[in-house]
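Trainee: this one's structure only:
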């Protein structure tokens, strides 16, 4: 199975204020490529967000904006299965920041490892990325977009192995989880 996992960090409460993105390309259960960039959100930074991820306005002052990095991101997403932990957040961030720059997001399907983890491991205390990563003994530097995307990718690989699935159709048959359209 091939997929891309993605994670965004935002500068403030607005979903279009992307200040970091991490992506992981997985083929045949192996990570084959990684992409990470700080992003200038061209917006203010909220202290709550900075306390979560540690990225400041100074860190991104000379970084490209989302319009610029989207050219590198679109080939990763186009026609692929995109995985995110709490995918509703990441997919909405992607859509909102694309709207901000009047970009057309390529077509893709997506799945949420938070929801999938709820189906796979019903006895966890919660299904936050840090909790699921700890359950699977995965390394995680939480709220670093690349580390979060990597953990998300490894969660998906582990679920597929545990359920003996080669694709999302197989996972749907075994768990009832349905892939969404981006």
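Mentor: That came in fine, so what should we check first? Keep in mind that what you see is a predicted model, and the values were worked out from it rather than measured.

Trainee: In terms of secondary structure, what does the biggest helix by length in the chain contact?
Mentor: Ranked by residue count, the top helix of the chain under DSSP state H comes out as helix 145-163. Helix 145-163 is packed against strand 2-10, strand 18-27, strand 30-38, strand 81-84, helix 113-120, helix 129-135, helix 168-175, with contacts defined by 3 or more Cβ pairs under 8 Å, 6 or more residues apart in numbering; DSSP states H and E. Yep, even glycine has a C-beta here, placed from its N, CA and C like the rest.

Trainee: Quick one: these as TSV, columns for distance to residue 107 too.
Mentor: Listed next are those as TSV, based on distance: least, Cβ to Cβ, whole Å:
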stretch	distance to residue 107
strand 2-10	13
strand 18-27	17
strand 30-38	19
strand 81-84	11
helix 113-120	21
helix 129-135	26
helix 168-175	16
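
Trainee: Looking at those, spot the one closest to residue 64.
Mentor: Closest to residue 64 of those is strand 30-38 (Cβ to Cβ; 7.1 Å).

Trainee: For that closest one, which residues meet the burial criterion?
Mentor: Within strand 30-38, the residues scored as buried using 16 or more other Cβ atoms under 10 Å are 35-38.
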